[in-house]
Structure formats: C-alpha cells, structure tokens
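Participant: This is a predicted model, with the sequence first.
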Protein chains: 2
Amino acid sequence: MGPTIHDVARVANTSKSTVSRYLNGQKVKKDTEEALERAIQSLNYHRNENARRLVMSRTNTIGIVVDNISNIFYSGIIRGIEAVANRKGYNCIFYSGTSNSKHEASFLHLLYEGHVDGIILLSFQKRDQQELARMIEVPYPLALIGDHGELDGLFSVDIDNASGVADLVTYLHGLGHRRVAYISGPAHMGPIKYRLKGLQQTMSALEMECRPEWIVNSDWTNQGGYEAMNELLQHEGFTAVIASSDETAIGALRAIQESGRQVPEQMSIVGFDDITLSSWVSPKLTTVRQPLQDVGMKAAEGLFAQIEGEDVERTAHLYKPTLMIRQSCTTL
Amino acid sequence: MGPTIHDVARVANTSKSTVSRYLNGQKVKKDTEEALERAIQSLNYHRNENARRLVMSRTNTIGIVVDNISNIFYSGIIRGIEAVANRKGYNCIFYSGTSNSKHEASFLHLLYEGHVDGIILLSFQKRDQQELARMIEVPYPLALIGDHGELDGLFSVDIDNASGVADLVTYLHGLGHRRVAYISGPAHMGPIKYRLKGLQQTMSALEMECRPEWIVNSDWTNQGGYEAMNELLQHEGFTAVIASSDETAIGALRAIQESGRQVPEQMSIVGFDDITLSSWVSPKLTTVRQPLQDVGMKAAEGLFAQIEGEDVERTAHLYKPTLMIRQSCTTL
DNA sequence: AATCATTTTGGGAACGATCCCAAAATTGGA
DNA sequence: TCCAATTTTGGGATCGTTCCCAAAATGATT
C-alpha cells in the first residue's frame, strides 16, 4: 500500500537499517537525518505498526475491556488508567464487552493473538466464581476492577464498599439514630454484597436495630428507589434510611416528601456514589464519594508492573470512599 | 513466544499451508482436520494476528474515536454501530480522543499505521473548519458523527437539530403560544448553532415573537438551566420556554416552580434529548427524542461501504428527532 | 488397468519492520 | 601522515502468517 521503510531509504540514499534507527530515536549523522526527514515528508511515510509488532512481539498498548462503555461511573476510573498509561508511554484501547463476548470465548483472545500487552477488565457486575478461577490461569498481564469474588490469586482493585456503608452507619449513629432502614440494589451487581455486609456488621457492632422488613431491594433507578421507599413507609419505627445508591436515594427522597414527611426533620436519608444530581436535589444529599480515579491508577500500575515483569500482589486492593456530609440528615 | 502455525503443522504431521487453510475455513480432508484440531488443542495454539495483518493488510476492525467515552448520549449511537459491525463480521475498538490527541497530531495515525480499516469519529463538539478540510483529504474510509460544519466532501451523520427544535416550536404554536423564550447552550457544542437556527427560522415562519432578551445561554447543566431561567424570569411577556437540552430544562423547571409559578398552567416548558430523568420530574417533560441508534447504524453502513470500495454520498445525513408529548405544556 | 479430472497438499516467496554483526567512515592524537 | 579508537552504516536473517503454483493423491470413467 503506502511507502515502506525501504522506499524511504532509497529516496534518502541510505539503507533501511539507518531509517529504522532514525525512526526509533537512535543517533544518525546530521546530514542523513535531514535527508531522512525530507524523504519521510515527501513520501508521507508512516511505519507499518503490524510489521513492527510482529518482530518486536510487543504492542505498547493496553486493552480496557468494559461491560458498558458509557457507564458514568467508569469515566473517573478510565481517567486514572489513562493518566498512568500516558506517563508510561502506552496507548489505551477500549473494547466493549457486550459486543465482543457474543461470539468469542472471552476477551482473552486479545492477549493470545497479540493485540495488546495486557488487559484491565472493568466491570462492576458480580463475577462468576468459575470465570475468576479461569482467569487465575491466564499467563498474561491482567488486572481486574470490581468484584474479586473474595478469591486470591488475581490482581484486583475495587472500592471498599463495606467501609463506605460503615461510614454512613457510623455517621447516623453519631447523630443519634438507632433504627435504620436499608434499600439494597440489584443482585447481579458486585458492590451489593459488600455494602450489605458493611451495613450488617457495623450495625450489630454499634448495637443498632435493623428489622428484616426494613431491608428492601431496588433496581438502582429513581423509579426503583421511589417504589422501594413507598414499601418501606408501610412499616414504622426507623428514623433514617440508607440507600445503596444515590440514584435510588433520590427516588426515595421524593417518596418520603410526597408522603408528607419533611427531610431531614422527620426522616434522614443518605445515599452512595456522590453523583452530581446529589448536590442539586433539595435537601442536598449526604452520601459517600468513591475514589474512582485512585482505583483506575492502581489497576494501571499493577498491570504495568506485570508487563515489566515485576512481582505484584495478587489480591484485592480496596480504596475507601469518603463521607460527603450535606443536608439530608439531622440529629435525633 | 507461543506456538506457531509451523508447530501445529509438525504435531499434526502436515504442512503450514494446510494449517493456514484449515484456520481460514477452507476444506481439508476429514482425518487431517481431526489431527489439526487435536494439535491446536494440545498446543493451545492461537494465531498471531499481527503477522496475519501484515500479509493481508487488513484488520477486520474499525476504530471508533470518541471525545468522551462515558458520554451517555453516545451509548445509543455505539449500540447502532456495533449492531452493523457484528452483522458484517467486524470488530470495534474504541479510542478515547482525550488521551490520544495529547501527543499525536490526530487519530489519523491509526489508519496510516494499519491499526484499523476505517474510523468513525464520534463527537458532538463543534468541529474546526480547518480540521474538517484536512479530513476531506484523508485517503482512508472515514465517517463523522456530529458537526459537519456545513461542508461537503465528507461522509457524515448527525441528528437533525433544526428539525427537532422546529417540531417543538410548531407544537407550542399549535397550543396557541406566540411568545416563546429560549435557553441556548455552550457555544463549543455542535448542535447549538443548528438548534438556534431551527428556532429562529420556524418562529419567523410562524410569525411568533422572540425578543433578544428572551434568549439566554446556559452550560447545559441543571444548575446552568436554573440560573438561566432566573435570568429569563426578570423579563415579562413570554408564555413558554424552550430549553436546548433536558438537563437544562429540568433546572429551569425548578426555577419556575420556586418562583411560585405553576407548570404548565402559568408557564409551558419543553426540552431536547429525552433523557430518562425527563419522564420522572413533575410534571413530566415534553421533549424530543434523538434517533441515536439510527445515526450509529447509518455511520457504520457508510463506513463499510467505503471499506468495501463502494461509492458513498459524501455529505451530511440527518436524522429527525421525534416529539415526545408529556405534561409540561398547556393550551393557551 | 489406464487415463483423465478433481481434490488435497507442500514448498517458497512475499509482507515490512527490527536487530545483530561486520564493514566503512570519521575522529583524534602522536 | 598514519594508526587506533570510535562512530555510523548496510546486509541479511528473522518474526508468523497468507497465497500462488506445481506436485501428489484421490476418484471416476472407460
């Protein structure tokens, strides 16, 4: 197709070895450098990356496999990954898991076929134990973001969901709340299990009360939170409610307000995520913010360590969310 | 590194040509097929895609360059692209424009260096005329989604923004409104110009009134819409307001309600986009829905036509939004 | 059994880079 | 000016595929 390194050599009146050296930043004599630059410009030469990758068996590229490329929670993580990748001189390419997993056994062919030097798997879906076990065997650099299935042997990074909920419970406890309701989320999501566990452990540690009928599920949408809260309002006795996502919390907030109760005077509520809308609803929602960028950076650092042959701790690395206190809770 | 086609040939007691043929779905004798399958399994052979691409000078992959990979409006478009790509047997890989444009002249190196067979450039940012002119010269398959700068010579696809606003104006006109305010958006976004043009053309065609002080800007956020509406409320005389995005409309809605006015009884309002929140605010927002998936499919079809060497109309292809009538407007 | 048509196979030349190693050119010092 | 040390260059092998083409094997027909 286009001109090759050989054409450049011919035009610049030198050899392909010299062209290759020049392209890779090695020193060449001043006047050959000028001739080469002229030749490259006039031919509009671009190096064939496939040939290069074949001989070097390296791509200088990492793949990020995402289950849903437009998930807003992933953008902070991706920013973190890209920051580290740029620093290391690597490129990032993204694969949408949905489209690829259709006909392929998995994303692993990207590694085996030499498309990328390593992969970050980014998904907050709950992960299959069997799939995780298979990933441990993969003889290529790999980093997981999300559910690690409490399994060792894989390098993985995640939000410390239990800690986030623990912070919320402790905060409410500090305000004097003792009886708290909880709106959980869809069972197929990774964080659900850990958030619920954080709730139960912290509440029992602080000797707080959470009756079974005070725990309901939702689908993490506004509408779902609205319906879940209406269900909760059938029951009595709790003074605060923890929603396992902000989206849900905002739906629940509306349900509480429509029931004629004042927030926070007659009911406190907190969320999880710190989405932008949370600072905009009235009252502003107290929630926890996830250190998404840190998670992305850690995953990338772990991946590059593997690529460069260093040793890496093949366990889960958790990052604690931080409490964002706003106006949706009151002292009791 | 891994086993090669030659290793497979040796184990299966045949030649690399036969292995290659088998891998590419050509017919081989029944017993050699079985031997090959066994050899591939036992060696855990995967073909080296870089070598393949070198000799074939084709990748069977298209690149999608996105300015912000987590933009929620892009997900529908991407779904459309992937649907067509899957049908054609192509893979999609995504490049985040932000990370790549840093040190590269542009995304064009992806084409020149042989990473992909064609590129879809997806961005709703306003495009530089100079950059567009340069793209016309690109000797590779290319499709644009978003602002085409009213320039011919490029295959591009976009929402028909003018038509969407025209529908909203006409709808309000039909309800009896004659004096309408408008909240525009950030100047760096592609759709802004076309939406404003659609407003002005339709309003003057229908002999409606829009005083200069009834047109304000916003940054397309809730907060921005809220502030813009408060500014508009300083003035008098209009009976309806068109917001150039739903996000903005929802902010404006709150400003109207906080000013003590009833929606829609005392003020009608419409948005643009049909985000999920629009059906959830109270009253539900009348807006226009963008045919995002159609846009993605058209772009992909145009790209594949170019890849397959067919002729393609190098102009802008526009898709009309559809009006979603809900409860935020009333007859006058 | 012999001939011919048709499958099926194997060898070797690309593809366009990198990189080793020896040859050529340059530099410096006496 | 000459020789040794150093820098710069060029040739050729290599990476792992595909694909052309001729050779070998198979099958059909008489």
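Facilitator: Thanks, I have it.
Participant: Name the residues of stretch A:199-217 that come out as buried.
Facilitator: Across stretch A:199-217, burial judged by 16 or more other Cβ atoms under 10 Å in any protein chain shown covers A:199-200, A:202-203, A:208, A:210, A:214-217. Where you see a C-beta, it was placed from the backbone N, CA and C, and this is true even at glycine.
Participant: Which members of those residues are positioned in strands?
Facilitator: When strands are assigned by DSSP state E, the members of these inside them are A:215-216.
Participant: So which of the buried residues of stretch A:199-217 sits lowest on pLDDT?
Facilitator: The member of the buried residues of stretch A:199-217 with the lowest model confidence is A:Cys210, at 82 (criterion: pLDDT).
Participant: Let me know the pLDDT of A:Tyr45.
Facilitator: Confidence at A:Tyr45, expressed as pLDDT, is 97.
Participant: An error on my part: the question was meant for A:Lys30.
Facilitator: Model confidence at A:Lys30, expressed as pLDDT, equals 89.
Participant: Check A:Leu151 too.
Facilitator: On pLDDT, A:Leu151 comes in at 88.
Participant: And A:Ser15, by the same measure?
Facilitator: As predicted, A:Ser15 sits at a pLDDT of 95.
Participant: in terms of contact, does A:Thr248 touch A:Gly185 like I think?
Facilitator: Yes: A:Thr248 is within contact range of A:Gly185, at 6.9 Å (criterion: Cβ atoms under 8 Å).
Participant: Please list the residues of the stretch 1-150 of chain A that sit near chain B.
Facilitator: Residues of the stretch 1-150 of chain A found near chain B, taking Cβ under 8 Å from any Cβ of the partner chain as the criterion, are A:1-2, A:46-51, A:53-54, A:57, A:59, A:68-72, A:74-75, A:78, A:82, A:85-86, A:91-96, A:98-100, A:102-103, A:109, A:112-115.
Participant: So which of those belong to strands?
Facilitator: Using DSSP E, the members of these that fall in strands are A:91-96.
Participant: Could I get the full set of strands for chain A?
Facilitator: Counting by DSSP E, chain A forms strands over residues A:61-66, A:91-96, A:118-122, A:142-145, A:156-159, A:180-183, A:215-216, A:240-243, A:268-270, A:287-289, A:316-319, A:322-324, given from the N-terminal end onward.
Participant: To DNA strand D, which of those lies closest?
Facilitator: Taking Cβ to the nearest atom of the strand as the criterion, DNA strand D comes closest to strand A:61-66 out of these, the separation being 17.6 Å.
Participant: Show which residues not belonging to the closest one make contact with it.
Facilitator: Contacts made with strand A:61-66 from outside it, assessed by Cβ atoms under 8 Å, 6 or more residues apart in numbering or on different chains, are listed as A:74, A:78, A:81, A:85, A:90-97, A:100, A:107, A:110, A:115-123, A:300, A:303, A:307.
Participant: What residues does A:Thr170 make contact with?
Facilitator: Remark: with contacts taken as Cβ under 8 Å, 6+ apart, A:Thr170 is in contact with A:202, A:206.
Participant: Check it and give its pLDDT.
Facilitator: For A:Thr170, the model assigns a pLDDT of 98.
Participant: where does chain A dip in pLDDT?
Facilitator: Across chain A, the ranges flagged by pLDDT under 70 are A:98-105.
Participant: and chain A, which residues reach DNA strand C?
Facilitator: With the criterion set to Cβ under 7 Å from any atom of the strand, chain A comes near DNA strand C through A:1, A:4-6, A:16-17, A:20, A:23-24, A:47-48, A:51-52, A:54-56.
Participant: Give me whichever of the strands of chain A is most buried.
Facilitator: With neighbours defined as mean count of other Cβ atoms under 10 Å in any protein chain shown, the strands of chain A peak in mean count at strand A:240-243, which reaches a mean of 29.
Participant: hmm, who's touching it?
Facilitator: Taking Cβ under 8 Å, 6+ apart as the criterion, the residues outside strand A:240-243 that touch it are A:165, A:168-169, A:172, A:175, A:177, A:179-183, A:199, A:218, A:225, A:229, A:232, A:249, A:252, A:256, A:267-272, A:329.
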